[in-house]
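Peer 1: sequence plus the predicted model coming up.
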Amino acid sequence: MRLLNALAAGAVLSAFAVPADAQQSTPQAQNYRTSLIVAKGGYINYERDLGLRPAPFVGMDLRYRITPFFALAPSVTVSQPRTDGDYFGASLIYDDTTYFFQVSQPVTMLDVGLNAVLSIPEVGAFAPYVSGGGGVYAFYLDPQVNSARDKRFSRFSLSAGAGATVRLKGGTGLQFEVRDFIMLDTDRERFNPVGARFNNSRFAEDFRAPSVYDKGSASHNLVFSVGFTFTPNSGAGRDTEEDR
């Protein structure tokens, strides 16, 4: 939270503290553009004890520049991880034999958020930035596996990260980013599809016993992404003076 507060404060200062004349005189102001579309993909390393396996994701940002140094970026992210069977055990007793199972299911994660982006002075075609914001995440569970349980739940999310854009020709570029995707009010038990009748609280020797998890805690998930950027009003398809 302290990091997010610091990023937000820096973004506000950069947006309003730079005089208009100074903005017009800087090289970055001469390259000022109003919007940037980012189509991205990557990998989410979910917090281990949340009970989700790491998974790829796809997403899109629309970065709208308020000043040459500050932008607001609505974003959407979609991922389809599987639950980790190490944390969800089931037992079935037949005659004098007990069978143990590890239960896994596919789930869909959707996150919709709004981020503040603070640009750092560019070095050639290399444009670093930091970002932070919040939104809402939702999980959609497998309806066939969770017939007797809630099939969807949603909570608030936070995000803090850093990255860089490498400008290419024609208003395009590549973006590299790493961020901490924070899901608030998490509960591993929401991913448990095993009914009370078969729910196993004592794991067999061959299975790793699940770690203790604090219900309602915040989970930190590391996100790595690569994106393709496009500036609609840059005259894509013809080289500008800055591209040559």
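Peer 2: Yep, it's here.
Peer 1: in the protein, which spans are strands?
Peer 2: For the chain, the strands defined by DSSP state E occupy 35-45, 55-67, 70-79, 89-94, 97-102, 107-119, 126-141, 152-167, 172-186, 217-230.
Peer 1: would JSON lines of the ones you listed with mean pLDDT and distance to P193 be doable?
Peer 2: All C-beta atoms are positioned from the backbone trio N, CA, C, and that covers glycine. JSON lines is the format used below for the strands of the chain (pLDDT from 0 to 100; distance: least, C-beta to C-beta, whole Å):
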{"stretch": "strand 35-45", "mean pLDDT": "95", "distance to P193": "21"}
{"stretch": "strand 55-67", "mean pLDDT": "94", "distance to P193": "18"}
{"stretch": "strand 70-79", "mean pLDDT": "96", "distance to P193": "19"}
{"stretch": "strand 89-94", "mean pLDDT": "59", "distance to P193": "9"}
{"stretch": "strand 97-102", "mean pLDDT": "61", "distance to P193": "11"}
{"stretch": "strand 107-119", "mean pLDDT": "96", "distance to P193": "10"}
{"stretch": "strand 126-141", "mean pLDDT": "95", "distance to P193": "7"}
{"stretch": "strand 152-167", "mean pLDDT": "95", "distance to P193": "13"}
{"stretch": "strand 172-186", "mean pLDDT": "95", "distance to P193": "17"}
{"stretch": "strand 217-230", "mean pLDDT": "94", "distance to P193": "19"}
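Peer 1: got the ones you listed as CSV, with distance to N192 and mean neighbour count columns?
Peer 2: Putting the strands of the chain into CSV (distance: least, C-beta to C-beta, whole Å; neighbours: other C-beta atoms under 10 Å) gives the following:
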stretch, distance to N192, mean neighbour count
strand 35-45, 21, 17
strand 55-67, 18, 17
strand 70-79, 20, 19
strand 89-94, 9, 14
strand 97-102, 12, 13
strand 107-119, 12, 20
strand 126-141, 10, 18
strand 152-167, 13, 18
strand 172-186, 13, 18
strand 217-230, 16, 18
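Peer 1: so G227 sits against A164, correct?
Peer 2: No: using C-beta atoms under 8 Å, G227 makes no contact with A164, being 10.9 Å away.
Peer 1: joint contacts of the two?
Peer 2: Shared contacts of G227 and A164, defined by C-beta atoms under 8 Å, 6 or more residues apart in numbering, comprise 175-177.
Peer 1: relative to V136, which of those residues is nearest.
Peer 2: Nearest to V136, judged by C-beta to C-beta, of those is E177 at 20.4 Å.
Peer 1: for the residue nearest to that closest one when sequence neighbours are not counted, give the beta-bridge partners.
Peer 2: Setting aside the residues directly before and after it, E177 is nearest to G163 in space (C-beta to C-beta, 6 or more residues apart in numbering), at 3.1 Å. Assessed by DSSP bridges, G163 has beta-bridge partners Y129, E177.
Peer 1: list the contacts of G163.
Peer 2: For G163, the contacting residues are 128-129, 131, 175-179, 225, by C-beta under 8 Å, 6+ apart.
Peer 1: so how far is G42 from it?
Peer 2: Using C-beta to C-beta, to the nearest Å, we find G163 at a distance of 11 Å from G42.
Peer 1: where do the contact lists of these two overlap?
Peer 2: Shared between the contact lists of G163 and G42 (criterion: C-beta under 8 Å, 6+ apart) are residues 177, 225.
Peer 1: quick check: S79 touching P106?
Peer 2: No: if you go by C-beta under 8 Å, S79 and P106 don't touch, sitting 10.9 Å apart.
Peer 1: L222 and D180 touch, don't they?
Peer 2: Yes: at 6.5 Å, L222 counts as touching D180 under the criterion of C-beta under 8 Å.
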